[in-house]
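Participant: Kindly generate the corresponding structure for this input.
(chains A, B and C)
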Amino acid sequence: MIENKKTNWPVMALLILGLSTIAFPLYMTIIIAFKQPSEMTTSISGILSLPQHWSLDNFREAMRVTDFWHSLLNSLLISVVTVVLSLIIHSLMGYALGRNKAKSKFYNLVYLFIVSGMFVPFAILMMPLAKQTAEMGLGNWVGVVLLYVVFYMPMNTMLYAGYLVNIPVALEEAARVDGASTWRTYWSIIFPVMKPMHATVAVLTALAVWNDVMTPLVIMAGSGQNTLPLAQLNFQSQFGTNYNLAFASYLLSLIPILIFYIICQKQILNGVVNGAVK
Amino acid sequence: MKGKRVKCFGMIACCLTGALSFAGCGNSADDGKIQIEIVQYKPEAANYFTMVEEEFNATHDNIHLTISSPNDAMTILRTRFIREDYPDIIGIGGDINYSYFVDAGILADVSDYPGLADINPAYLEIDEALELVPMDGTFAVPYVANAAGILYNRDMFEEHGWEIPTNWQELMALCDQIEGEGILPFYFGFKDTWTCLAPWNAMAVDLAPADTAKQVNRGETTFSTEYREVSEKYLELLKYGPDDPFAYNYNDACTAFARGESAMYTIGSYAVPQILSVNPEMNVDSFMMPANDNAEGNILNSGIDLQFCVTADCKNKEAAYEVLDFLLAQENLQKYIDAQTAIPCKTGDFTLPSMLDGMTEDIAAGNMTDYQDHYYPSEMAVDAQIQTFLIEQDVDAFLQKFDTDWQRYNRDIIRMVQEYEASQGK
Amino acid sequence: MKNDRKRTFLLITIPILALFICFNTIPLIRGVYYSFTNFKGFGSYDWVGLRNYMDLFTDSRVGKSYLFTFKLAVISTIVTNVISLMLALALNSKIRAKSFFRGAYFLPNILGSLVVGYIFNYFFTYILPAMADMAGIDSLSTSILSNPNRAWIGVMIVCAWQAIAMNTIIYISGLQTVPEDVYEAGGLDGATGWKQFRYLTFPLIIPFFSINMVLCVKNFLMVFDQIMALTKGGPAQSTESISYLIYNNGMSGGQFGFQSANAVIFFIVIVAVSVAQTSFSGKKEEQL
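Facilitator: Numbering: from 1, shown residues only, chains lettered A, B, ... in the order given. Below you'll find the predicted structure:
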């Protein structure tokens, strides 16, 4: 037993070494973001050295150029609304399909139909969707949210339906005997019971939505509205050769998710694993 | 119980409508003014257009103008066209996109616009030549033109006593001389594929007929014949560039040239503001690309850089014309010329920037031909094909592919041209 | 009461199904429809029958993009899985600050791939050549992104950098399902090191292995952001992924119809690959 507690130092050393592959790009991002263009040299010591002054000017300028707060707000709005709608809509769908697909041919067919949506690449939907959302007046963040709700439906519905297998029907029957409707039973009993799955779905959906570029790119192009990643793409040319400004902007766009990660690291890791393994 | 369900759905519905109306707010017109929206494709001129927007709105009570200058505007415009969402005025270049838009009936006929009388007729002809099949009407108001040739570092040239070359042999000799003095003759930014087209166009006008593309469409010649010399000379030019021209993009190349890392840079006049933004002190001038062996055979490569088209969807043409008048006003156009080192398409007394000194004579004499790539279909990606060619350096394979791809990507156009000619022949 | 249940289920299913059909099935059908036209994205268009599909099979650019995408997907999948498996074993061994390491190694996955691409773009163009120059490695003194034979390596590194984080976490959770006494029993039989891994650990984490394979291949086949940030398909069109080509030529290049046909084929390919993978890993699991 004592042997088991011994730390494997060689492995530790290797792991610390390996961390540099992650730390180095981040270190470079940070120092470049703080430097001035005149400090950018091509010699190796110049590249690696710390900036002469730690000034926030680059960040202020980057915020102004990319309209940071607006983009951040858009990103937050889209992510939060998508996650909330996903929790409601996908869990309901997972419930309806999960409870019935074993008995009813119709529900089973619907289940397979929706789950097969997982194989549809966005590339094929992109062009018709650009046209369709515009025809429906949805060429804005609302359209983007609706699309996300549809895109993540196959995955999330499958997760919920899978989770429901472990929740005995008897739980609902007890409530039904008390005279509660199915709808109310769902909200008062089933929905709370699926809490672990909600966390998984929320984490997976939020991460995917937050970092997605393609959907807003296609749907919101030209609307004057940006999400955080989209702003990086759209203002790429405005940065010109001022890599310092560009990196300040990159760093700004990474900070919100970094904070989120540091706070909810455990939930995120669990969520990701749950989602993949189920 | 049922009530609760209804309530819940009602709430979701409310949220959605609330969200929708909130989203709708952004576009709502204020106090009954006529709204005019311009999308123009030159992000580097964004500051100028912001100024125009502010001044126009300050002086006009009845019209509210919005100008956006997005990055990658052509993709945005096309995406918006897919969605059938048209701005009132679009500012685009005189290239194949213009041809397509005219053909698709997206643009309105502006031949009743009085301001057209002041436009240099040479540029209106260029626009006419760009129409896939001749159409009745005028669909664009040319604003400014640009010229592609060679930019050079005037101070460096004077310091070393280098002469401006007038033919290909002189250019090659000059490059050897520059290299001999330990200076890099050219800088290239070929990571951005479109920059590969700048030297290509400048050389092609010297060495191939102006209407090569149309001749090929009529089946009278092939690119393999017309473009062989251009391709071979391009490879020679490449030798005088940086070791790894494909690592750097347009911005990198402009920066390097501005910092004096090379004596010359084969790019259009449009690059000057970018270069000056890096080094405002720099003394830049330009000369025509002397690709032909005979000095007389050389011709300046110039095309419409920016023109304004009113879309067919525009609700209020009168207001759009008022905006065009404002843009074409002497002092505004002059400001654009100064800021962007451009050549005005309007006749009148304009001061040309000193960076175009080396080209002024030819501009005044009208010794100019439009860019060849303005006839290349964008989906054929000739820019990327040239990049491939410059990397692999195989002239035959490149030209052969050029010819086969041309037939494939242009077959609808070729068919259209043939049908048109058949109908004219009757 | 029974009716209430049935009605509720129907009331849930029908609207959501309608939403799904509206934004997934209908656009899919429209996409298929456009694939038979020469639509540019604006203006009028003609029905051209199977012409787009015939062209697809003779278009060298499309062929190249399929080749590139598959090469990238296969090699990235192998690299990612090998590295993340080793990493997972290391992170699951007896080390200190376990949760710190796990958290740190997962970090790349949460960062947006577009911005990560931009950062690496700078790294490949300026920092790596400068480092190679100093170390005297000539072959690396030019940007790897500028060479059509090597640019895909740059793309692969960025893809793998992010994917490894994900796969490692999944492998770790797999390794945790392996009970301690398996090793103890194996230890008695003299199974250590590679042998222990090959005959004891690996068979037990096969399900996690197949999850990772499916995840990897699917994500890499749809690669887009990294291409957009790193190479924009260049140099010499050597790194055009299928998604990038469809976006670039379909949305801005005026090939709406043709690229719709490409997208239809791409869809069929994705389905085929997924089905093949699922049945293959299903069989493998049965065997063991």
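
Participant: quick one, what contacts residue B:253?
Facilitator: Going by C-beta atoms under 8 Å, 6 or more residues apart in numbering or on different chains, residue B:253 touches B:187-189, B:195, B:265, B:267. Backbone N, C-alpha and C define where each C-beta goes, glycine included.

Participant: Residue B:162 now?
Facilitator: Residue B:162 sits next to B:156, B:174, B:177-178, B:263 when contact means C-beta under 8 Å, 6+ apart.

Participant: now swap in residue C:168 and tell me
Facilitator: Counted by C-beta under 8 Å, 6+ apart, residue C:168 has contacts C:84, C:87-88, C:91, C:105-106.

Participant: Name the nearest residue to the residue of the stretch 101-250 of chain A found nearest chain B, sequence neighbours excluded.
Facilitator: Of the stretch 101-250 of chain A, the residue with the smallest distance to chain B, taken as C-beta to the nearest C-beta, is residue A:134 at 3.0 Å. The shortest distance from residue A:134 to any residue other than its chain neighbours is 3.0 Å, reached at residue B:83 (C-beta to C-beta, 6 or more residues apart in numbering or on different chains).

Participant: can you count the residues close to that neighbour?
Facilitator: Counted with other C-beta atoms under 10 Å in any protein chain shown, the neighbours of residue B:83 add up to 22.

Participant: hang on, it packs against residue A:127?
Facilitator: No: if you go by C-beta atoms under 8 Å, residue B:83 and residue A:127 don't touch, sitting 10.5 Å apart.

Participant: sorry, back to before: could you dump the contacts of residue B:253 into CSV and include secondary structure?
Facilitator: Shown next, in CSV, are the contacts of residue B:253 (DSSP: H, G, I helix; E, B strand; the rest coil):
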residue, secondary structure
B:187, strand
B:188, coil
B:189, coil
B:195, helix
B:265, strand
B:267, strand
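
Participant: Buried subset of those residues, written for PyMOL?
Facilitator: Selection command for PyMOL covering only the buried members of the contacts of residue B:253, criterion 16 or more other C-beta atoms under 10 Å in any protein chain shown:
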select buried, chain B and resi 187+188+189+195+265+267
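
Participant: Go through the contacts of residue B:253 and say which is closest to residue C:248.
Facilitator: Ranked by distance to residue C:248 (C-beta to C-beta), the contacts of residue B:253 are led by residue B:195 at 17.4 Å.

Participant: That closest one is in contact with residue B:267, isn't it?
Facilitator: Yes: Residue B:195 sits in contact with residue B:267 when judged by C-beta under 8 Å, with a separation of 6.9 Å.

Participant: where does the stretch 151-278 of chain A dip in pLDDT?
Facilitator: A:222-224, A:237-241, A:278 (pLDDT under 70).

Participant: Now do the strands in the stretch 51-200 of chain B.
Facilitator: Assigned by DSSP state E, counting those that start in this stretch, the stretch 51-200 of chain B shows strands spanning B:63-68, B:89-92, B:141-153, B:184-187.

Participant: CA atoms only for the third one, dumped as PDB, please.
Facilitator: Translated: strand B:141-153. C-alpha atoms of strand B:141-153 as PDB (Å, rounded to 0.1, in the frame of the first residue of the first chain):
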ATOM      1  CA  VAL B 141     -20.900  55.300 -62.200                       C
ATOM      2  CA  PRO B 142     -17.100  55.000 -62.300                       C
ATOM      3  CA  TYR B 143     -15.500  56.700 -59.300                       C
ATOM      4  CA  VAL B 144     -11.800  56.100 -59.300                       C
ATOM      5  CA  ALA B 145      -9.300  54.000 -61.200                       C
ATOM      6  CA  ASN B 146      -6.100  52.500 -60.200                       C
ATOM      7  CA  ALA B 147      -3.000  51.500 -62.000                       C
ATOM      8  CA  ALA B 148      -0.800  48.400 -61.500                       C
ATOM      9  CA  GLY B 149       2.900  48.600 -62.200                       C
ATOM     10  CA  ILE B 150       6.000  48.800 -60.100                       C
ATOM     11  CA  LEU B 151       6.300  50.900 -57.000                       C
ATOM     12  CA  TYR B 152       9.800  51.900 -56.100                       C
ATOM     13  CA  ASN B 153      11.700  53.500 -53.300                       C
END
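
Participant: in what helix or strand does the residue of the stretch 101-250 of chain A closest to chain B lie?
Facilitator: Taking DSSP states H and E as the criterion, the element that holds residue A:134 is helix A:122-135.

Participant: burial count for residue A:13?
Facilitator: By other C-beta under 10 Å, 11 other residues sit near residue A:13.

Participant: Please, which helix or strand holds it?
Facilitator: Counting by DSSP H and E, residue A:13 is found in helix A:9-34.

Participant: buried residues in the helix or strand following that helix?
Facilitator: Next in sequence after helix A:9-34, counting helices and strands by DSSP H and E, comes helix A:44-48. Buried residues in helix A:44-48, counted by 16+ other C-beta under 10 Å: residue A:47.

Participant: again, but for stretch C:141-157
Facilitator: Those would be C:141-148, C:150-152, C:154-157, for stretch C:141-157 by 16+ other C-beta under 10 Å.

Participant: what sits against residue 93?
Facilitator: Went with chain A since none was named. A:114, A:153, A:157, A:160, C:12-13, C:16.

Participant: not what I meant, chain C
Facilitator: By C-beta under 8 Å, 6+ apart, the contact set of residue C:93 is A:8, A:11.

Participant: now swap in the one 3 residues further on and tell me
Facilitator: Residue C:96 makes contacts with A:7, A:12, as judged by C-beta under 8 Å, 6+ apart.

Participant: if you set the cut-off to 10 Å instead, what comes out?
Facilitator: For residue C:96, the contact set (C-beta atoms under 10 Å, 6 or more residues apart in numbering or on different chains) comprises A:7-9, A:12, A:15.

Participant: Can you turn the buried part of those residues into a ChimeraX selection?
Facilitator: Buried members of these, defined by 16+ other C-beta under 10 Å, are picked up in ChimeraX with:
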select /A:12,15
